[in-house]
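Chemist: Structure, please.
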Amino acid sequence: MSLFMNPTFSPEDLDVLRGALDAWCSEKRLDIKSPEAQFAASAALDLYQAGHNDGEKLLLALRAHKGL
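Modeler: Residues are numbered from 1 along each chain as shown. Here you go, the predicted structure:
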C-alpha cells in the first residue's frame with residue numbers, strides 16, 4: 001500500500017508508529033537513524049495503513065516482517 005493514499009497522520013498515529021519503531025530498534029539493538037531502522041520505518045508505515053494500527057499489533061507485524 002502506498003503512503004500517498006493517506007498522507008495525513010495525526011499526532012496519535014505518529015506516537016503509535018514511533019513507539020513501535022523504537023521498541024523494534026531496541027530489540028534489534030539498532031540506532032533509529034540506521035539504514036535498517038529507516039527501512040523498518042517504511043515498512044511500519046505500510047503495515048500501519050494495512051490495519052496494524054495499535055502499538056502492539058504494529059510491533060508484532062514488524063517482528064514478523066520477512067524483510068526485516
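Chemist: need the contact list for Gln38.
Modeler: Contact partners of Gln38, counting by CB atoms under 8 Å, 6 or more residues apart in numbering, are absent. Just so you know, the C-beta spots here come from the backbone N, C-alpha and C atoms, and that holds for glycine as well.
Chemist: Check Arg29 too.
Modeler: No contacts exist for Arg29 under CB under 8 Å, 6+ apart.
Chemist: For it, what are phi and psi?
Modeler: In this entry, Arg29 is assigned phi and psi values of phi 60, psi 50 (degrees, to the nearest 10).
Chemist: Give me the local confidence score for it.
Modeler: Per-residue confidence at Arg29 stands at 97 (pLDDT).
Chemist: which residue is nearest the middle of the chain?
Modeler: Most central residue of the chain, judged by C-alpha distance to the mean C-alpha position with CA atoms, centre = their mean, is Ala44 at 2.4 Å.
Chemist: Correct me if wrong: that one contacts Leu62.
Modeler: Yes. Counting by CB atoms under 8 Å, a contact exists between Ala44 and Leu62, whose distance comes to 6.0 Å.
Chemist: Overlap of the contact sets of these two?
Modeler: Shared contacts of Ala44 and Leu62, defined by CB under 8 Å, 6+ apart, comprise 20-21, 24.
Chemist: which residue ranges form the helices in the protein?
Modeler: Across the chain, reading from the start of the chain, the helices by DSSP state H fall at 11-28, 35-49, 55-64.
Chemist: Report the mean confidence score over stretch 38-50.
Modeler: For stretch 38-50, the per-residue pLDDT averages 95.
Chemist: buried set for that stretch?
Modeler: By neighbour count on 16 or more other CB atoms under 10 Å, the buried set for stretch 38-50 is 40-41, 43-45, 47-49.
Chemist: can you check stretch 22-33 too?
Modeler: Applying 16+ other CB under 10 Å to stretch 22-33 flags 23-25 as buried.
Chemist: same deal with stretch 50-60?
Modeler: Residues of stretch 50-60 classed as buried by neighbour count (16+ other CB under 10 Å): 52, 55, 58-59.
Chemist: Just give me the closest of those to Leu30.
Modeler: Taking CB to CB as the measure, Leu30 sits nearest to Leu59 out of those, at 14.2 Å.
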